[in-house]
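Trainee: generate coordinates for the sequence data below:
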Amino acid sequence: MDKVREYIDANKERFLEELFELLRIPSISAVTEYAEARQRCAEHLAAALVKAGADSAEVIATEGAPIVYGERIISPKAKTVMVYGHYDVMPPEPLNEWTTEPFEPVIKDGRIYGRGADDDKGQSFMHIKAFEAMCATDSLPCNVKFLLEGEEESGSTQISKFCATHKKILKADIILVSDTSMLGLDTPSITCGLRGLAGVEVSVSNGAADLHSGIYGGAVYNPAMVLSKMLSQVVDREGHITIPGFYDDVRELSAAERKALNRVPFCSRKYKASLGVGATYGEEGYTTLERVGVRPTFEINGMWSGYTGEGSKTIIPAVASAKITMRLVPYQTPDKITKLFKEYFKSLAPKGVKVEVNPMHGGVPYVSPTDMSAYKAAEKAIGEVFGKKPVPVYSGGSIGVISCFEQVLGIKSILMGFGLSKDAIHSPNESYGLDQFDLGLKSIPLFYKYFA
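Mentor: A predicted model of the protein is given here:
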């Protein structure tokens, strides 16, 4: 491991330059016009894997974004680690809130700024460079496979199909993922659970065209107001979701489990300050740690209707729409929750308006047992580098493909992420600390050592 660390330290500047090349590619998965950029990004990563020491790497076409698969097999008797990551990124909007160019990365105050700096190019790239360091120093103790997709931010539809048809080449003992965060560099943690997801897009309409708000105001339903009222009824004043049957399958934690979860160091004041908010809010009867880790949620991601340009346009809009996501916990399923929401939401509509509910992407919750040998290897590796034993935490986020790996491939995943809440993933001014990049680079080879 000394040789591996020496190699990392000697090549750190080059690693950053190569990461910047990757960050400059606008591989946005939510917008079809960036298909060429996603293809270019996939080809760039395949070349990087071969350069790092992979026996082979290829860009595999799908009906959507291509998948990158590479491997290095040192022995049929050695354990096999499959590294999963994603090279697609969220749209950078709103652009006016960025203090740097989203796709022209810069280092400022010890942090890398740019879209994808953390989620997930920066974190995935650590694995490629840690792999390179092990290969270059003849220190690789495991077979390694890389599986990198370009649609994680828009539902991972193609990789699920890929797993189902490529089970043989994807055989592994564990899947290693860095697409999650830590509580802090002074309080390292390992994610042992992820919430699932059920996404929908809804619309309320009343007629074929916008109407004059003076001539018709007060005589017909206003879809924007109707939609607002309907959505406001889905969550009550106590933060409880009112959809009938919504909580039926929720795994309730025992008193002992809740006590253990809340032993995690947490400061409400620092938490609010890091997010720039004045107050926390959520389901009554639960702590913030419980609300974001082990309780389901209902969130409006965006709403639009009518005229929002400069000046005034006095209309009653013909349609109002919203995008919604519901975070799920064991043992909820996206299909059931979507069905329950659709039935309930339509029941809230007044007669005479048209309501549409269109399902979007979803995912099943995931739990990573802390007694697995792979978890213990990650725990030991992080503890050695950070100087403190990491604590297990439940993340409020979702990575839909992780449950697919378990259900389709029969392989568990270790969620060994190095992000921090201040990285502002999915938001303007996304960043990733140079210290996070360095600590991740040095932790990953130790995981291989102890897992082997």
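Trainee: residue boundaries of the strands in the stretch 351-452 of the chain?
Mentor: Counting by DSSP state E, counting those that start in this stretch, one finds strands in the stretch 351-452 of the chain at the ranges 354-363, 366-367, 391-395, 413-415, 431-433.
Trainee: output these as a markdown table; include the columns mean neighbour count.
Mentor: The C-beta positions use only the backbone N, C-alpha and C, and glycine is treated the same way. Formatted as a markdown table, the strands of the stretch 351-452 of the chain follow (neighbours: other C-beta atoms under 10 Å):
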| stretch | mean neighbour count |
| --- | --- |
| strand 354-363 | 17 |
| strand 366-367 | 20 |
| strand 391-395 | 20 |
| strand 413-415 | 24 |
| strand 431-433 | 26 |
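Trainee: ok, which of these comes nearest Y113?
Mentor: strand 431-433 (4.7 Å; C-beta to C-beta).
Trainee: now the strands of the stretch 351-452 of the chain as CSV including mean pLDDT?
Mentor: Below are these laid out as CSV (pLDDT from 0 to 100):
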stretch, mean pLDDT
strand 354-363, 93
strand 366-367, 91
strand 391-395, 90
strand 413-415, 98
strand 431-433, 98
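Trainee: TSV please, covering those strands and showing distance to I215.
Mentor: Shown next, in TSV, are the strands of the stretch 351-452 of the chain (distance: least, C-beta to C-beta, whole Å):
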stretch	distance to I215
strand 354-363	22
strand 366-367	54
strand 391-395	52
strand 413-415	57
strand 431-433	51
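Trainee: of all the ones you listed, which one is nearest L211?
Mentor: strand 354-363 (15.1 Å).
Trainee: which residues are contacting that closest one?
Mentor: Residues from elsewhere that reach strand 354-363 (C-beta atoms under 8 Å, 6 or more residues apart in numbering): 154-157, 196-206, 323, 334-335, 338, 341-342, 345-346, 349, 398-404.
Trainee: now it, how far from the centre of its chain.
Mentor: 20 Å (C-alpha atoms, centre = their mean, to the nearest Å).
Trainee: per the record, what domains does this protein have?
Mentor: 2-194+365-451, 196-250+296-363 (automatic domain parsing).
Trainee: so which of the ones you listed gets nearest R269?
Mentor: Of the domains of the chain, nearest to R269 by C-beta to C-beta is domain 2-194+365-451, at 13.7 Å.
Trainee: now the end-to-end length of that closest one.
Mentor: Terminal residues of domain 2-194+365-451 are spaced 18 Å apart (C-alpha to C-alpha, to the nearest Å).
Trainee: what's around P350, how many residues?
Mentor: 12 (other C-beta atoms under 10 Å).
Trainee: no no, A219
Mentor: A219: 8 neighbours (other C-beta under 10 Å).
Trainee: swap in L194?
Mentor: 30.
Trainee: separation between the residue found closest to it once you drop the neighbours it is linked to in the chain and V83?
Mentor: Once flanking residues are discounted, L194 sits nearest to Y366: 4.5 Å by C-beta to C-beta, 6 or more residues apart in numbering. Counting by C-beta to C-beta, to the nearest Å, the gap from Y366 to V83 is 17 Å.
Trainee: picking that back up, return the most buried member of the domains of the chain.
Mentor: The highest mean neighbour count among the domains of the chain, using mean count of other C-beta atoms under 10 Å, belongs to domain 2-194+365-451: a mean of 20.
Trainee: just the contacts of strand 354-363: which are in helices?
Mentor: 157, 334-335, 338, 341-342, 345-346, 400-404 (DSSP state H).
Trainee: kindly reformat these as JSON lines containing pLDDT and distance to R14.
Mentor: Listed next are the ones in helices among the contacts of strand 354-363 as JSON lines, based on pLDDT from 0 to 100; distance: C-beta to C-beta, whole Å:
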{"residue": "T157", "pLDDT": "87", "distance to R14": "35"}
{"residue": "P334", "pLDDT": "94", "distance to R14": "43"}
{"residue": "D335", "pLDDT": "95", "distance to R14": "47"}
{"residue": "T338", "pLDDT": "98", "distance to R14": "47"}
{"residue": "F341", "pLDDT": "98", "distance to R14": "50"}
{"residue": "K342", "pLDDT": "98", "distance to R14": "52"}
{"residue": "F345", "pLDDT": "98", "distance to R14": "53"}
{"residue": "K346", "pLDDT": "98", "distance to R14": "57"}
{"residue": "G400", "pLDDT": "80", "distance to R14": "34"}
{"residue": "V401", "pLDDT": "90", "distance to R14": "31"}
{"residue": "I402", "pLDDT": "93", "distance to R14": "31"}
{"residue": "S403", "pLDDT": "89", "distance to R14": "37"}
{"residue": "C404", "pLDDT": "90", "distance to R14": "35"}
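Trainee: show me which of these is closest to K3.
Mentor: Nearest to K3, judged by C-beta to C-beta, of the ones in helices among the contacts of strand 354-363 is I402 at 32.7 Å.
Trainee: any idea how far T191 is from the closest one?
Mentor: Counting by C-beta to C-beta - I402 and T191 are separated by 10 Å.
Trainee: mutual contacts of those two, please.
Mentor: L415.
Trainee: specify the local secondary structure of the residue lying farthest from the centre of the chain.
Mentor: In the chain, the residue that sits farthest from the middle, by C-alpha atoms, centre = their mean, is I215; the gap is 47.2 Å. Under DSSP: H, G, I helix; E, B strand; the rest coil, I215 falls in the coil class.
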